[in-house]
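Visitor: this is a predicted model, with the sequence first.
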Amino acid sequence: MLARHQLGLLAGPARDDERHLARPHGQPVQPELIGRSAETELLDALLRGRERIPALLVSGDIGVGKTALLRAMDEQARLAGRRVVWITGAPAEADLSYSGLHQLLYSLRSDLDRLPLHQRVTLSRILGHTDGPTPGRLATCVATLSLVTDLADDGGLVVLVDDAQWVDRESTELLAFVARRTCDLAGLVMVAAVRQPRPLLAAAGQYGRQLAPLSDDDAGLLIDAWHPALHSRVRRVLLDHARGNPLALIELPKALSEEQRYASLPLPVHLPVTPRISEHFGARIRELPESARQILLVAALDERCHLATIAEATGETDVTTQLGPAERHNLVTMGTDRLLFTHPLIRLTTIDLATRGELRTAHRRLAGVTNADQDARATHLAAAALGPDDAVADALAAAGNRAAGRGVLTTAAEMFARAAELSTALAGRAERLGIAAQLACRAGWLQWAKQLNAAAGALGANTHAAAISAYILSLDGGDVDMAHRRLLRVFDDPATSVPMRRLALEMLFHVCVIADRPDHWAALDTVLALTDFESADIVFRCRAILSGRDGDASTMRERFLELLDGWPKTPAELTVLSTASLSATAVALDAVTELLPVLRGLPDASADNRAVPTARFGLHIEVLDRYHSGRWDEAETLLREGTAVAGVSGLRTLEGISRCQRALLAAVRGETEQALELTDEVLRWATPRGIGLAIILAHHARALVALGTGDHEQAYASLAGIAPAGAVARLPVSARCIVFDLADAAVRTGHGQQAAAYLETLREAGFDRLSPRMAMLTCGAAALLALDSRTHEVFRKALAAPGHERWPLEHARIRLAYGERLRRSKEIGPARVELGAALEILERLGARPWAERARHELRAAGLAVARPAAGPAGLTAQEESVARLAAQGLTNKQIAVRLRLSDRTVSGHLYKVYPKLGVTSRTGLRDALEIRAGWDADGTAD
């Protein structure tokens, strides 16, 4: 407001050290104000009279949130009963004398009667309501001061000035005049927003606040508040481009399609911008001379931005002089040999504003000077091409091959797809589309691969198209049997290329993992027996390890860890399918913890960091890691993301597996209805299609529900169907870890002999030595099934398994079983120790069914550990987090942002929390939680 000529600014950075999402006095904060707690507190202090300054000047770059703060002040002032008047600067009115004052007076025109006649006439002339000469500046200032003072004394007045850099000089000086004379007037608050303060104003006073970009944490909170369903990798790319700019964080995701937001389709090379971004950042670009704008476009399309390259491409001998206006507009900065855009959005907006003709011209210019980098030259030529051109198509296909060799699969697929468009022969077009589909499939862009493959198939059916179609069929239609048969046919066709045979082998391995049936695995082993497949190193070695050909069960894990030490050997191995092969093997060998650092250390597709889903199938590994380690809230967050991505992509098989994992989480938390609902849905879909992995996970979840509710017959029935006794070859890979659950159900239902037979099958094959976890589970099962004096020894051996803290739920359940056995044998002291330790872990995890069982056993052992029926002991960890934030006054939306949940999930948790705590609204939450804090470890009140 008072920025340009009179009022000063101390350009100190805003304090963003307070991350809470609530205004002073518990008022809810809009998502736009995340990270601006210090500023909102200052505005509140001005409004309440705790701070008095002539005027507050808020400065900062475009989109940093200045207008959002003014709107917040408007809202607070109106809630407080204050009158609010806006003045908005505009370039078209910057040279119109008193145009800003006219806005102020027009809003207050009905109050001019408050003034003495001479002052009323003065201001009426400014409004144009009264004829006469233009009033003098002093008379105008005095009359405005009288009006503002009168309104401030009569209920309060708030004057808000937006885009103050465009307010005319006369109005700015008038507002400065008023501000200096009303500093002690409690009823008047003046706040202005300006893009950049003038350095000469700093001496006028310390009345300013410069808005810096948001911190990384606050930027994450803001983008999550506006776009909570973004895929994590897309989210990271957008955060990098936004650089803490709130406007960019809010707007950039809107320019993407739903498939791009969920990482079902790749992001474009240059992110699109919305009209709102174009309007704000494009204004300065449009003001540039035509020559400067064309040079800026060439620079935007040249990744390196070398001044010499830009000069050669545009034919300008002095680029720095030509770009002087862009530098003065703070669009770019000039280095010694490079040009730097001041913000990534400047580059994106420059490209967005260009016409197709201008873009082709700029690409053609760059192609003419980019001789050293053949890949970049081919890309520019392809972008400049107006129609089919075989020479350009060949150059781009060669560049695509080189990109694929570097592991930059998304770029390689785009190059081949564009090369197909530029090819004149139908056969060449079909071949290049087929290669693009293969590369998209290897990169994990299955929806895109499906589109490319369909286009290739339309130009002529071939083995390549059939193989990719079969694989995608297994994921979106769930027909694993059909996919398995079609993929096997690929190896019968002698015309199939070596890269395609390798890709088909990777796809076949993944289909076998999903089906998890012995007949499918046997067919894969037959294919792998062919001598020409040893080059498919990852699949070949993973299957060799799992099948026992590369050592027995006791050495499988060791062989797999050796494989990880040397992977990847080449960038070409960094594909989704190779990652999926490693992930499936790691799960089977309990090597999740060892695989995760490898997956997390992978480069994000080298220089092609556009949310490439290299580890999309590795999400299953991340979930398992959180699940086994007891970080269940994190696991649920990842599962929601995985389910959403699979749903948008149409990958129903992966969506079903994610639902099974959510059912497992619900089962161990005691959320029975949700677990059964999820498993019913999955089984109805997966059973007729023979998707063994989903069926086994669903039945396991149902068994855990039954064990938690004491229905051991149902638990045994659910588990016995997936764990038949006999040779290991008859067992699904994913069925081996249920041995302890089977024994737990069997000993309570008279089926101990059958469970013992299954245990013996695993031991004969050496799976009790497969991993520390399998050693713990098999020992625990053996202890449950043992009826002799060795029971205690076997239990202690199970509990002493190395690294048992990595599997707290299973370890606590074994400890609980041991405590039960001790109590029944009248060894009360040791029983209390084991049961108490188990209860502590189970309560911390939120495993309510087993925690309740432990409390029951402790009561039977003579310890009082009961809690009130309506008390908070039944809260899950996530329910407790939601309840505590709600008790602090946060809204459902704010809680959702904090915990990265949906609003609906927060509402559902509160719906469950109220009856558990014995309250009916938020007002009782705080007291109920304080009561909870008064309960000690034994469940007695302090």
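Guide: On my side now, so go ahead.
Visitor: assumed residue 569 was part of a helix.
Guide: No. Membership of residue 569 in a helix is not supported by DSSP: H, G, I helix; E, B strand; the rest coil, which gives coil.
Visitor: burial check on it, number of neighbours?
Guide: By other CB atoms under 10 Å, the residues close to residue 569 number 9. Backbone N, C-alpha and C define where each C-beta goes, glycine included.
Visitor: what ranges do the strands span in the chain?
Guide: 56-59, 83-88, 157-162, 188-194, 208-210, 332-334, 339-341 (DSSP state E).
Visitor: of all these, which lies closest to residue 168?
Guide: Minimum separation from residue 168 across the strands of the chain (CB to CB) falls at strand 83-88, 10.4 Å.
Visitor: okay, angle between the closest one and strand 157-162 too, please.
Guide: Here strand 83-88 runs at an angle of 20 degrees relative to strand 157-162 (axes from the mean of the first three to the mean of the last three CA atoms, to 10 degrees).
Visitor: got a list of what the residue nearest the centre of the chain touches?
Guide: Centroid-nearest residue in the chain: residue 232, 2.5 Å away (criterion: CA atoms, centre = their mean). Neighbour list for residue 232: residue 641 [criterion: CB atoms under 8 Å, 6 or more residues apart in numbering].
Visitor: read off the pLDDT value for it.
Guide: Note for residue 232: predicted pLDDT of 78.
Visitor: cool, and residue 65?
Guide: Taking residue 65 on its own, its pLDDT is 90.
Visitor: look up the closest residue to it, ignoring the ones flanking it.
Guide: Excluding its sequence neighbours, the residue lying closest to residue 65 (CB to CB, 6 or more residues apart in numbering) is residue 246, at 4.6 Å.
Visitor: the closest residue in space to residue 791 that isn't next to it in sequence and residue 706: what is the separation?
Guide: What sits nearest to residue 791 in space, not counting adjacent residues and going by CB to CB, 6+ apart, is residue 783, at 5.6 Å. Distance of residue 783 to residue 706, computed by CB to CB, to the nearest Å: 21 Å.
Visitor: returning to what we had before: mind putting the strands of the chain into TSV with mean neighbour count, distance to residue 917 and mean pLDDT?
Guide: TSV is the format used below for these (neighbours: other CB atoms under 10 Å; distance: least, CB to CB, whole Å; pLDDT from 0 to 100):
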stretch	mean neighbour count	distance to residue 917	mean pLDDT
strand 56-59	27	42	88
strand 83-88	18	41	94
strand 157-162	24	41	93
strand 188-194	27	42	90
strand 208-210	23	41	84
strand 332-334	17	57	90
strand 339-341	19	53	90
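Visitor: and the ones you listed as a markdown table, adding distance to residue 438?
Guide: A markdown table is the format used below for the strands of the chain (distance: least, CB to CB, whole Å):
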| stretch | distance to residue 438 |
| --- | --- |
| strand 56-59 | 53 |
| strand 83-88 | 55 |
| strand 157-162 | 53 |
| strand 188-194 | 53 |
| strand 208-210 | 52 |
| strand 332-334 | 40 |
| strand 339-341 | 36 |
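Visitor: where do the helices of the stretch 451-600 of the chain begin and end?
Guide: 463-476, 480-490, 498-515, 518-528, 537-547, 553-565, 576-588, 592-600 (DSSP state H, counting those that start in this stretch).
Visitor: so which of those helices gets nearest residue 115?
Guide: When the helices of the stretch 451-600 of the chain are ranked by proximity to residue 115 (CB to CB), helix 592-600 comes first, at 69.8 Å.
Visitor: for that closest one, name the packing helices and strands.
Guide: helix 553-565, helix 576-588, helix 619-629 (3 or more CB pairs under 8 Å, 6 or more residues apart in numbering; DSSP states H and E).
Visitor: among those, which is the most enclosed?
Guide: helix 576-588 (a mean of 25; mean count of other CB atoms under 10 Å).
Visitor: mean confidence (pLDDT) on it, please.
Guide: Helix 576-588 comes out with an average pLDDT of 85.
Visitor: list the buried residues in stretch 167-176.
Guide: For stretch 167-176, burial by neighbour count (16 or more other CB atoms under 10 Å) applies to 167-168, 170-176.
Visitor: residue 514 contacts residue 480, correct?
Guide: Yes. Between residue 514 and residue 480 there is a contact at 5.6 Å, judged by CB atoms under 8 Å.
Visitor: rewinding a little: next one: the residue nearest to residue 791 from residue 683, what distance?
Guide: Using CB to CB, residue 783 is found at 32 Å from residue 683.
Visitor: neighbour-wise, which of these two wins?
Guide: Taking other CB under 10 Å, residue 783 and residue 683 do not tie; residue 783 has more neighbours (24 against 18).
Visitor: show me the contacts for that one.
Guide: 791, 794-795, 798, 814, 817-818, 821.
Visitor: for residue 422, state which of the residues you listed is nearest.
Guide: Of these, the one sitting nearest to residue 422 (CB to CB) turns out to be residue 814, at 63.9 Å.
Visitor: wait, doesn't that closest one sit right on residue 743?
Guide: No. With contact defined as CB under 8 Å, residue 814 does not reach residue 743; the gap is 10.4 Å.
Visitor: now the common contact residues for these two.
Guide: residue 780.
Visitor: reformat the helices and strands packed on helix 592-600 into a markdown table and put distance to residue 289 next to each item.
Guide: Below are the helices and strands packed on helix 592-600 laid out as a markdown table (distance: least, CB to CB, whole Å):
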| stretch | distance to residue 289 |
| --- | --- |
| helix 553-565 | 58 |
| helix 576-588 | 48 |
| helix 619-629 | 50 |
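Visitor: of all those helices, which one is nearest residue 468?
Guide: Closest approach to residue 468 among the helices and strands packed on helix 592-600 is made by helix 576-588 (11.5 Å; CB to CB).
Visitor: and that closest one, what does it pack onto?
Guide: helix 426-443, helix 498-515, helix 537-547, helix 553-565, helix 592-600, helix 619-629.
Visitor: for burial, what's the neighbour tally of residue 318?
Guide: Around residue 318 there are 9 other residues, counting by other CB under 10 Å.
Visitor: that one - nearest residue in space that isn't next to it in sequence?
Guide: residue 311 (7.9 Å).
Visitor: can you check residue 700 too?
Guide: residue 738 (5.9 Å).
Visitor: residue contacts, that neighbour?
Guide: Going by CB under 8 Å, 6+ apart, residue 738 touches 700, 703, 719, 722-723.
Visitor: and residue 134, its phi and psi?
Guide: phi -60, psi 130 (degrees, to the nearest 10).
Visitor: could you measure the closest residue to residue 734 other than its chain neighbours against residue 844, distance?
Guide: What sits nearest to residue 734 in space, not counting adjacent residues and going by CB to CB, 6+ apart, is residue 696, at 4.9 Å. The gap separating residue 696 from residue 844 is 28 Å, by CB to CB.
Visitor: contact partners for residue 538?
Guide: By CB under 8 Å, 6+ apart, the contact set of residue 538 is 506, 563, 567, 573, 578, 581-582.
Visitor: let's go with 6 Å and repeat that
Guide: Shown in contact with residue 538 (CB atoms under 6 Å, 6 or more residues apart in numbering): 578, 581.
Visitor: picking that back up, distance to residue 426 and pLDDT for the buried residues of stretch 167-176 - can I get that in a markdown table?
Guide: What follows is these, written out as a markdown table (distance: CB to CB, whole Å; pLDDT from 0 to 100):
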| residue | distance to residue 426 | pLDDT |
| --- | --- | --- |
| 167 | 63 | 90 |
| 168 | 65 | 90 |
| 170 | 71 | 90 |
| 171 | 68 | 90 |
| 172 | 68 | 88 |
| 173 | 73 | 88 |
| 174 | 73 | 91 |
| 175 | 71 | 89 |
| 176 | 73 | 87 |
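Visitor: let me know the closest of those residues to residue 559.
Guide: residue 167 (73.6 Å).
Visitor: contacting residues for that closest one?
Guide: Contacts of residue 167 by CB under 6 Å, 6+ apart are 89, 100.
Visitor: by mean pLDDT, flag the weakest helix or strand of this protein.
Guide: Every helix and strand of the chain was ranked by mean pLDDT, DSSP states H and E. The lowest is helix 925-933, at a mean of 65.
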